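**Q** just coords:
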């Protein structure tokens with residue numbers, strides 16, 4: 001990783017060969033399809049290369065570092081609707097990645113049911129059908145609720 005941090009192409013190849021099988025497995029588990037997992041894998045290592053100067057100094061858990069990049073990539077894919085529209089096929093997106101809320105109080109201000117729904121959809125990557133069944137809601141109602149939670153109408157400060 002130190003060679004990669006210095007920008008050596010051969011180091012990237014070696015890191016990829018050593019870590020990509022495990023990262024690919026994690027991405028398959030998160031994204032559920034080989035096509036999305038391959039796309040996320042490519043993006044993960046591209047991001048690693050583009051940000052090689054920010055790789056932590058020796059002594060960090062590099063597998064965890066790469067896995068965190070892969071997880072962020074998987075979340076980006078899920079939020080972009082590239083996962084086949086499983087969650088966002090019913091909503092139109094604003095430019096970019098949509099509204100962001102950096103204040104943790106936004107999440108804390110949600111009901112427990114809403115927090116559970118968001119966590120299941122975007123961190124545990126459950127399908128809309130799974131969430132709907134567990135919550136006792138229709139698929140349409142679950143999609144509508146997830147859309148409202150992920151993209152709240154701006155009526156105040158975000």
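**A** That came through, no problem. On a predicted model such as this, the values are computed, not experimentally measured, just so you know. Numbers count the residues shown, from 1 in each chain.
**Q** who's in contact with residue 41?
**A** 20, 23, 24, 27, 70 (C-beta atoms under 8 Å, 6 or more residues apart in numbering). (C-beta placed from N, C-alpha, C; glycine too.)
**Q** mind checking how far the helix or strand where the fourth one lies is from the chain centre?
**A** If I follow you right, that is residue 27. Per DSSP states H and E, residue 27 falls inside helix 9-31. Centroid separation for helix 9-31 versus its chain: 16 Å, with C-alpha atoms, centre = their mean, to the nearest Å.
**Q** give me the buried positions along that helix.
**A** By neighbour count on 16 or more other C-beta atoms under 10 Å, the buried set for helix 9-31 is 11-12, 15-16, 19-20, 23-24, 26-28, 30-31.
**Q** show me the shaky parts of the protein.
**A** Applying pLDDT under 70 to the chain flags the ranges 59, 79-108, 122-125, 150-158.
**Q** how about 80 then?
**A** Scanning the chain with the threshold set as pLDDT under 80 gives 57-61, 78-110, 118-127, 147-158.
**Q** what is the neighbour count of residue 140?
**A** Applying other C-beta atoms under 10 Å, we find 11 other residues in the vicinity of residue 140.
**Q** equivalent analysis for residue 68, please.
**A** What residue 68 shows, counting by other C-beta under 10 Å, is a neighbour count of 12.
**Q** how far away is it from residue 14?
**A** Residue 68 sits 20 Å away from residue 14, going by C-beta to C-beta, to the nearest Å.
**Q** same thing with residue 149?
**A** Taking C-beta to C-beta, one finds residue 149 at 42 Å from residue 14.
**Q** again with residue 77
**A** 26 Å.
**Q** what helix or strand is the residue most central in space within the chain on?
**A** The residue lying closest to the centre of the chain (C-alpha atoms, centre = their mean) is residue 75, at 1.1 Å. Assigned by DSSP H and E, residue 75 belongs to helix 62-80.
**Q** helices of this protein, start to end?
**A** 2-5, 9-31, 34-50, 62-80, 104-108, 112-122, 128-135, 139-150 (DSSP state H).
**Q** so can I have TSV of those showing distance to residue 56?
**A** Shown next, in TSV, are the helices of the chain (distance: least, C-beta to C-beta, whole Å):
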stretch	distance to residue 56
helix 2-5	8
helix 9-31	14
helix 34-50	12
helix 62-80	6
helix 104-108	24
helix 112-122	26
helix 128-135	35
helix 139-150	31
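**Q** appreciated, that's everything.
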